[in-house]
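J.: sequence first, then the predicted structure:
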Amino acid sequence: MAKQGKLTIDESRCKGCELCVNACPLHLLKLSPSLNAKGYHSVMITDPSQCIGCAACATMCPDIVIKVEREDK
Ligand code: SF4
Ligand code: SF4
């Protein structure tokens, strides 16, 4: 059965390094135009409905910014 992923992004911890952006096989992540409290462009998901919950982004992030939950579609 197809999986749907749900991301929780702790924007305040993100340093905008883009490791997760490059890790997403579906190219769903990009940096936000606005700045977080630390002055970085934090990551955001462009189309949450397309996320398959593979967790490549969360695995790649050195700062544990992204949490991924998976559920059946
Ligand atoms: S869980 Fe997978 S598909 Fe979803 S945003 Fe992260 S890398 Fe992309
Ligand atoms: S979520 Fe993590 S890997 Fe992605 S840009 Fe922010 S700090 Fe870097």
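T.: Received it, and whenever you're ready, just let me know what you need. Since we're looking at a predicted model, the values are computed, not measured. Ligands and ions are numbered 1, 2, ... in the order given.

J.: which parts of this protein sit against ligand 1?
T.: 5, 7, 23-24, 26, 28-29, 45, 51-57, 68 (CB under 6 Å from any ligand atom). The C-beta positions use only the backbone N, C-alpha and C, and glycine is treated the same way.

J.: count the neighbours of residue 7 for me.
T.: Neighbour count of residue 7, defined by other CB atoms under 10 Å: 21.

J.: quick one, what contacts it?
T.: 45, 48, 51, 57, 66-68 (CB atoms under 8 Å, 6 or more residues apart in numbering).

J.: chain center to whichever helix or strand it is part of, what's the gap?
T.: Using DSSP states H and E, residue 7 sits in strand 3-9. What separates the centre of strand 3-9 from the centre of its chain is 8 Å, taken as CA atoms, centre = their mean, to the nearest Å.

J.: helix or strand right after it?
T.: Counting by DSSP H and E, the next helix or strand C-terminal to strand 3-9 is helix 19-23.

J.: and that following helix, which residues are buried?
T.: Within helix 19-23, the residues that qualify as buried by neighbour count (16 or more other CB atoms under 10 Å) are 19-21, 23.

J.: can you redo these as JSON lines with pLDDT?
T.: JSON lines is the format used below for the buried residues of helix 19-23 (pLDDT from 0 to 100):
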{"residue": "19", "pLDDT": "98"}
{"residue": "20", "pLDDT": "98"}
{"residue": "21", "pLDDT": "98"}
{"residue": "23", "pLDDT": "98"}
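
J.: any idea which of those residues is the one closest to residue 41?
T.: Of all those, residue 41 sits closest to residue 21, with 10.6 Å by CB to CB.

J.: pretty sure the closest one contacts residue 31?
T.: Yes - counting by CB atoms under 8 Å, residue 21 does reach residue 31; the two are 6.9 Å apart.

J.: anything in contact with each of the two?
T.: With CB under 8 Å, 6+ apart, residue 21 and residue 31 have common neighbours residue 43.

J.: in the protein, where is pLDDT below threshold?
T.: For the chain, no stretch is flagged by pLDDT under 70.

J.: which parts of it sit against ligand 2?
T.: Listed as neighbours of ligand 2 in the chain under the rule CB under 6 Å from any ligand atom: 14-20, 43, 60-61, 63, 65-66.
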